[in-house]
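1. Sequence and predicted model, in that order:
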Amino acid sequence: MQDSNVDFALVGHNFFAYLLSLGLLARGKNVMILDDDRFNYGDFFTNSLTSLDIELLKVWGEKHSLAPLINIESYLSPSSVHFFVGKKQIILGDSPNRNFRELARKLPKLFLSPKVSEGAFLYDNEFLAFDSLYLDFCRKISAIIFNEKRSSKVSNLFAGSLPELFKGHFEFFFANFSHKNLLKDEDLYDFQAFIYMMRGFFQSRLSSTGSHSEMLHLFVSLISPYYKLDHERLISDLLQIHTQNGGEFKKLNLGDLKFHKGLVKSFELESFDGLVKPNKMAFIGGYPVGLPIKLGSTRALSYNCLNVVVEFSESLPELLKMKKCVFTSALKIGTERPFWEVNFGNDKEATFNLIMAKKEGTKIEFIAEKTKELLLSDLIFLFPEFDLKIVNTQMKFTLDVFIEDKDFNAHERLEASLSKKIVDVIEDSAPLLMSRLKNVLYFGPYNEDSLGTFSSLIEMKKWKESL
């Protein structure tokens, strides 16, 4: 047993932690990554990517000669998602032109501008031009933003690089936020539910409005192909590079953190390898659970995710097998359970992720029966033609975090406002003993911009260059 000193101890077994560690290792820092099962991102956040995310990861890989990122497509599988706003089904995830046509067909008052004549898709060359223009934009803006040193310019660069064809469609879509009073009640309810669900899905933000930059990112995400990421295989390959470059890795829970005068002085690992004495620590993920730390106060309310594995009495209908569905309705917005996603299996099983208002101390046994009833009621509403009966459920809370933004005039802002304040990490080792830790940083949904994985990568790049 031997004590060790490290420059950085990074808590969180996810690809963001490895991108930071590899950057620090390249600068000669001593880095240890800790896989503590009480702190990480949940699967909801790390298991899917859009074209914009993919292109930014590829640029990162090319700049730093990281083969897993250069070849990120080898970790991806194309998929589609069936979004339900009430009973209105919107199927996205295909090519950009097909996604846009689906949006225009299902929600014409939001996406089908009578003033934008381009992109009518009457001829094959228009399909190809739309897709090519979209993918070129994703590649170019990713390279431009990655090379930009000032993060304050990201929003202007993003908006300024949008091709004229997409700019016309986006501005028509965005104008609905200022003209909501002109929509009929039914259209308004669909509009608000649609935005709320889509922001939650693509940006981990819960709001029926958004700033210009947030809505532009959402618009680009909506028309993007959708990919499932093999996150476990990606981090396994990044771990290999991390250790080859001299980094350490421990798949253990932190134990016995020692604090002194607002600093983490040391911690023990469950393997009894001795004390680790970090110069700095960084927690990269959602929210710490079961650790002697907590996050400082934030302005935003948060929601978490209840994972529910369901077994049905009979095999699923062919129509549902292997489908990914996301559901909300106007009646769910503003409630404690605003939307859910489900991944149907190929036999009798399905896995739900139910977004729930975060309440400390909530016990699953107290909410299990109500949750089962709610999901079954929603399934009957969506698929009344099928006789779906739940015979067994297994429930657990994941580490996903969703931030609520109640700024109903957000559309008047250019940028998001939730990332302007650095969230403190607080010592919480004893009752009434809570002080800010000076050598501990937090990276996650409480402390980043509202553009999903894309803004998380931008934030991590800034950290990599400034720490």
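-> Sure thing, it's come through.

2. Please pull up the helix or strand immediately following the helix or strand hosting residue 280.
-> Element membership for residue 280 (DSSP states H and E) is strand 275-284. Note on strand 275-284: by DSSP H and E, the next helix or strand toward the C-terminus is strand 293-295.

3. what's the next helix or strand after that following strand packed up against?
-> Later in the chain than strand 293-295, the nearest helix or strand by DSSP H and E is strand 301-312. Using 3 or more Cβ pairs under 8 Å, 6 or more residues apart in numbering; DSSP states H and E, the elements in contact with strand 301-312 are strand 349-357, helix 364-382, strand 390-404. From N, CA and C alone the C-beta is placed, and that goes for glycine too.

4. could you give the angle of the longest one to strand 349-357?
-> Using axes from the mean of the first three to the mean of the last three Cα atoms, to 10 degrees, one finds that helix 364-382 and strand 349-357 are set 110 degrees apart in direction.

5. Identify all contacting residues around helix 364-382.
-> 84, 87, 306, 308, 310, 325, 327, 337, 340, 352, 354, 386, 388, 390, 393, 395-397 (Cβ atoms under 8 Å, 6 or more residues apart in numbering).

6. need the helices and strands packed on strand 301-312 in a markdown table with mean neighbour count, can you?
-> A markdown table is the format used below for those (neighbours: other Cβ atoms under 10 Å):
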| stretch | mean neighbour count |
| --- | --- |
| strand 349-357 | 20 |
| helix 364-382 | 15 |
| strand 390-404 | 18 |
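
7. Out of those, which is closest to residue 285?
-> Among those, strand 390-404 comes nearest to residue 285, with 6.2 Å by Cβ to Cβ.

8. model confidence over the closest one, on average?
-> The average pLDDT for strand 390-404 rounds to 92.

9. same question, stretch 146-157
-> Rounded mean pLDDT across stretch 146-157 is 77.

10. Residue 103 should be in a helix, yeah?
-> Yes: using DSSP: H, G, I helix; E, B strand; the rest coil, the assignment for residue 103 is a helix.

11. if I pick it, what's in contact with it?
-> 90, 92, 110, 111, 222, 223.

12. Surely the second one and residue 221 touch.
-> No: with contact defined as Cβ atoms under 8 Å, residue 92 does not reach residue 221; the gap is 9.3 Å.

13. coming back round to it: point out the one among the helices and strands packed on strand 301-312 that comes closest to residue 106.
-> Closest among these, once you apply Cβ to Cβ, is helix 364-382, at 15.6 Å.

14. CA atoms of that closest one as CSV?
-> Written as CSV, here are the backbone C-alpha positions of helix 364-382 (Å, rounded to 0.1, in the frame of the first residue of the first chain):
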residue,chain,number,x,y,z
ILE,A,364,-39.1,3.9,-5.5
GLU,A,365,-41.4,1.6,-3.5
PHE,A,366,-43.6,4.7,-2.8
ILE,A,367,-44.1,5.6,-6.4
ALA,A,368,-43.8,2.2,-8.2
GLU,A,369,-47.5,1.4,-8.5
LYS,A,370,-48.5,4.9,-9.6
THR,A,371,-45.7,4.9,-12.2
LYS,A,372,-46.8,1.6,-13.6
GLU,A,373,-50.4,2.9,-13.8
LEU,A,374,-49.3,6.0,-15.6
LEU,A,375,-47.2,4.2,-18.2
LEU,A,376,-49.9,1.7,-18.9
SER,A,377,-52.5,4.5,-19.3
ASP,A,378,-50.2,6.3,-21.7
LEU,A,379,-49.6,3.1,-23.7
ILE,A,380,-53.4,2.5,-24.0
PHE,A,381,-53.8,6.1,-25.1
LEU,A,382,-51.1,5.8,-27.8
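
15. I'd like the numbering to begin with 584 instead of 1 from here.
-> With 584 as the first residue, the last one maps to helix 947-965.

16. Would you pull up how far it lies from the middle of the chain?
-> In terms of Cα atoms, centre = their mean, to the nearest Å, the gap separating the centre of helix 947-965 from the centre of its chain is 25 Å.

17. what angle do it and strand 884-895 make?
-> 70 degrees.

18. If you compare the directions of helix 947-965 and strand 973-987, what angle comes out?
-> Put simply, helix 947-965 runs at 100 degrees to strand 973-987, going by the same axes, to 10 degrees.

19. What is the burial count for residue 830?
-> 22 (other Cβ atoms under 10 Å).

20. Residue 625 too?
-> With other Cβ under 10 Å as criterion, residue 625 counts 21.

21. Model confidence for it, exactly?
-> 85.

22. so what's it up against?
-> 869, 888, 981, 982, 983, 984.

23. Distance-wise, check the closest residue to it other than its chain neighbours relative to residue 810.
-> With sequence-adjacent residues excluded and distances taken as Cβ to Cβ, 6 or more residues apart in numbering, residue 625 is closest to residue 983, at 3.1 Å. The gap separating residue 983 from residue 810 is 19 Å, by Cβ to Cβ, to the nearest Å.

24. Number of residues surrounding the residue lying closest to residue 662 once chain neighbours are set aside?
-> With sequence-adjacent residues excluded and distances taken as Cβ to Cβ, 6+ apart, residue 662 is closest to residue 811, at 5.0 Å. For residue 811, the tally of surrounding residues (other Cβ under 10 Å) stands at 16.
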